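# Sequence and predicted structure below; questions after.
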Amino acid sequence: MLSLITVGAFAYLIQKLDPPREGDKGGGLALPPKIEAMSKPPATTIPVTPEKPPATESGAATAPPEQSPGVKLTFVGDVMFGSKVDDLLQKNGYDYPYKHVKPYLEKADITVANLETPITTRGAAQEKEYVYRSSPQSLPELKRVGVDLVNLANNHSMDYGVEGLLDTLDYLDAQDIKHVGAGRNSDEAYRYVIMEQKGMKIAFLGFSRVIPDTSWYAGKSNPGMAETYSTKLAFESIGKARAEADLVVVIAHWGEERKAYPVKSQTDLARQYIDHGADLIVASHPHVVQGFEQYKGKWIAYSMGNFIFTTNDNPNTWESMILEASCTKERSCDLSMVPILTKWAQPIPMVDEARDKLLEKLTNLSVNAQIDKEGRITLGPTRTVPIEAEEMPPVKKETGIVDGTSKTAVKPPANGTKKPSDSDKAADPKKAEQSKKSEAGKTTETSKKPDADKTQAGKTGESGKTQGTGKNTEGKKTTGDGAKSSEGGKKSPESTKKSAEDPKKSTDSKKTNESSKSSGEARKTEKDRKTSG
């Protein structure tokens, strides 16, 4: 009874406090205000919590893919410490060349240069117009400023013969400076060097298509250069490097001196290197800067110019660059450059108008690249770049030096001393007479030696220049060292003289005419023979 009274009293109290609302049927119990409000849809939008990343089978969330950390590579052009450069080093100290550029070389993970000189105090000067050698005392400072690797595949590394090259290898090893492009045999010359930074393996290789004499070619049992007149070994080495490394860099030596645009052999080789697995190509030899090209997403720097070298009166040879490449395991590189003015063997970063002019110049020289005011190199509009005809490679001979004019040994000159010029050699009356006959198109004798025939035929058919003076017919003075172009082979004047004096070695006029008509074919045959080798 008491319970019933209590419930009735409670119901009566509720009714008094909360009377029936309009629309309510009967008097029943109304919901408490708070409970009623919560049961209705919200009047405003409630913030939605972001969805979690999709879970893997194990239940862990999958993070977005991260790009691998980049490795910074820095490249500079031709470096040489002999001749007048040595005079400056003796006067100002071995740190003299680096006073304005040391920070750029030090901050890179790996810094690379083209060493355009043997490091030696021994050896016999090769028979070529200019020869160089540099003191071993120049290497410690090169290492100290951050240079980690050098390319030796070029037309000066054997200026003092095999002995000079072997000394160079030993001195570099002693300073822990890695080297590519030359070796004690062909295996070592074509071998790639792998350097690891930030968990990334970078393979470096060095090749040259500018070699004065075939005796400089590395062989199975003889020291020499990694040449690419025949590309078989180079392509094989690139392929092996790609299988082992995260990035493959080719340091090339090629082209024609003082030419602003690449010759056909440069563009052909660059693209073939990439087709066989190279990810980045940085090159030298013209002694002037050339433009950039991106091919299949890979960058090509056709010529870096001089970095530490002798100075001549051609201002184009004073222009250089420091090339910086930020590369990843995805085999891609972002490039930027620092414009450099190099005079008296001391490279200095350009500023203001001079800097802007070189950046604009390089943009105009590039195939499909553009360079902004900060030096960043990006893909740009494709331009029609004049690709010049390829010059002749050296022709193998049984004796003599292709780039020289004498088969006899000479006394080693002072470092970088100029040999007698071709104009001096042509002053010989007999040679002058031979030159006149050649210019008039009166070929009167042809050597029976197959290689000599090919040398003469190739010159007449491909370069169309005169023979008989012993002159390097395609040569032009270089920009940095003054040497003539050593890409082409040359017939020794002594062999020409012997051919003229020995009637047994003369051919009849019919054979002479046939030789003249088929000169281009003879040269092509020789080239094919070398390529297939």
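Arrived safely. Predicted model, so just to flag it, every value in this text is computed and none were measured. Residues are numbered from 1 along each chain as shown.
# Tell me if I'm right that Ile300 and Ala270 touch.
Yes - contact criterion Cβ atoms under 8 Å: Ile300 and Ala270 qualify, at 4.6 Å. Every C-beta, even on glycine, is put in place using the N, C-alpha and C of the backbone.
# Leaving out sequence neighbours, find the closest residue to Leu280.
Using Cβ to Cβ, 6 or more residues apart in numbering and skipping residues adjacent in sequence, the residue nearest Leu280 is Val249, 4.8 Å away.
# Neighbours of that neighbour, how many?
Counted by other Cβ atoms under 10 Å, the residues lying close to Val249 total 28.
# again, but for Asp173
11.
# That one: which element?
In this assignment (DSSP states H and E), Asp173 forms part of helix 161-174.
# any idea of the mean pLDDT for that helix?
Helix 161-174 carries an average pLDDT of 99.
# residues in contact with it?
With contact meaning Cβ atoms under 8 Å, 6 or more residues apart in numbering, helix 161-174 is reached by 115, 118-124, 126, 133, 136, 139, 150, 152, 157-158, 178-179, 182-184, 222-224.
# Write the PyMOL selection for whichever of the residues you listed are buried.
Listed next is the PyMOL selection for buried residues among these, using 16 or more other Cβ atoms under 10 Å:
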select buried, resi 115+118+119+120+123+124+126+133+136+139+150+152+157+158+178+179+182+183+184+223+224
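# max-length strand in the protein?
Longest strand in the chain by number of residues (criterion: DSSP state E): strand 333-343.
# hang on, the earlier thing: name the residues of the helix holding Asp173 that are buried.
For helix 161-174, by 16+ other Cβ under 10 Å, it's Gly161, Val162, Gly164, Leu165, Leu166, Asp167, Thr168, Leu169, Tyr171, Leu172.
# again, but for stretch 78-90
For stretch 78-90, by 16+ other Cβ under 10 Å, it's Asp78, Val79, Met80, Phe81, Gly82, Ser83, Val85, Asp86, Leu88, Leu89.
# Mutual contacts of Ile300 and Ala270, please.
Common neighbours of Ile300 and Ala270 (Cβ under 8 Å, 6+ apart) are Ile281, Ala283, Glu293.
# Which single one of the residues you listed is nearest to Asn312?
Distances from Asn312 to the shared contacts of Ile300 and Ala270, taken as Cβ to Cβ, are shortest for Ala283 (20.9 Å).
# Output the buried residues of helix 161-174 in TSV, with distance to Val101 appended to each entry.
Formatted as TSV, these follow (distance: Cβ to Cβ, whole Å):
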residue	distance to Val101
Gly161	32
Val162	33
Gly164	27
Leu165	28
Leu166	30
Asp167	27
Thr168	23
Leu169	26
Tyr171	23
Leu172	21
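# following the strand or helix carrying Ser265, which helix or strand shows up next?
Element membership for Ser265, per DSSP H and E: helix 264-275. Note on helix 264-275: by DSSP H and E, the next helix or strand toward the C-terminus is strand 280-284.
# Could you check how far Lys220 is from His285?
Note on Lys220: its distance to His285, by Cβ to Cβ, to the nearest Å, is 27 Å.
# So between these two, which is more surrounded?
When Lys220 and His285 are compared for neighbours, His285 comes out ahead with 30 against 7, by other Cβ under 10 Å.
# residue contacts, the more buried one?
Taking Cβ under 8 Å, 6+ apart, one finds Asp78, Asn154, Asn155, Ser208, Val210, His253, Trp254, Gly255, Glu257, Ser303 in contact with His285.
# Next, format those as TSV and append distance to Ser237.
Output for these, formatted as TSV (distance: Cβ to Cβ, whole Å):
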residue	distance to Ser237
Asp78	23
Asn154	17
Asn155	20
Ser208	14
Val210	19
His253	15
Trp254	17
Gly255	21
Glu257	27
Ser303	22
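# Name the spans of the stretch 51-200 of the chain whose pLDDT lies under the cut-off.
51-68 (pLDDT under 70).
# for it, what spans make up the helices?
83-92, 102-106, 139-144, 161-174, 186-190 (DSSP state H, counting those that start in this stretch).
# tell me which strands and helices the second one is in contact with?
Which is helix 102-106. strand 71-79, strand 319-327 (3 or more Cβ pairs under 8 Å, 6 or more residues apart in numbering; DSSP states H and E).
# so of those strands, which one's packed in deepest?
Ranked by mean neighbour count, those are led by strand 71-79 with a mean of 26 (mean count of other Cβ atoms under 10 Å).
# So what are the sheet partners of that strand and their directions?
Paired with strand 71-79 in the same sheet, following DSSP bridges, are strand 110-115 (parallel), strand 306-308 (parallel), strand 319-327 (antiparallel).
# okay, these in a markdown table with distance to His276 next?
A markdown table is the format used below for those (distance: least, Cβ to Cβ, whole Å):
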| stretch | distance to His276 |
| --- | --- |
| strand 110-115 | 20 |
| strand 306-308 | 28 |
| strand 319-327 | 18 |
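# Go through the ones you listed and name the closest to Gly199.
strand 319-327 (12.9 Å).
# would you list every one of the strands in the stretch 151-300 of the chain?
Using DSSP state E, counting those that start in this stretch, the strands of the stretch 151-300 of the chain run over 178-180, 182-183, 193-197, 200-208, 224-225, 247-253, 280-284, 292-295, 298-301.
# Dump these to JSON lines, plus distance to Glu319.
Shown next, in JSON lines, are these (distance: least, Cβ to Cβ, whole Å):
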{"stretch": "strand 178-180", "distance to Glu319": "26"}
{"stretch": "strand 182-183", "distance to Glu319": "27"}
{"stretch": "strand 193-197", "distance to Glu319": "29"}
{"stretch": "strand 200-208", "distance to Glu319": "23"}
{"stretch": "strand 224-225", "distance to Glu319": "27"}
{"stretch": "strand 247-253", "distance to Glu319": "19"}
{"stretch": "strand 280-284", "distance to Glu319": "13"}
{"stretch": "strand 292-295", "distance to Glu319": "15"}
{"stretch": "strand 298-301", "distance to Glu319": "14"}
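# Pull up the distance across stretch 75-90, start to finish.
One end of stretch 75-90 sits 26 Å from the other (Cα to Cα, to the nearest Å).
# scratch that, stretch 246-265 is what I was asking about
Stretch 246-265 end-to-end distance (Cα to Cα) = 27 Å.
# any idea which of the contacts of His285 is closest to Arg355?
Ser303 (18.8 Å).
# Quick check: the closest one touching Ile281?
No - under the criterion of Cβ under 8 Å, Ser303 is not in contact with Ile281, lying 11.1 Å apart.
# More neighbours: these two, which one.
Per other Cβ under 10 Å, whichever of Ser303 and Ile281 has more neighbours is Ser303, with 31 against 24.
# contacting residues around the more buried one?
Gly77, Gly255, Pro262, Ala283, Ser284, His285, Pro286, Val288, Val289, Gln290.
# Distance of the closest residue to the fifth one other than its chain neighbours relative to Phe235?
Spelled out, that is Ser284. Nearest residue to Ser284, sequence neighbours excluded (Cβ to Cβ, 6+ apart): Asn114, at 4.5 Å. As for Asn114, its distance to Phe235 is 21 Å (criterion: Cβ to Cβ).
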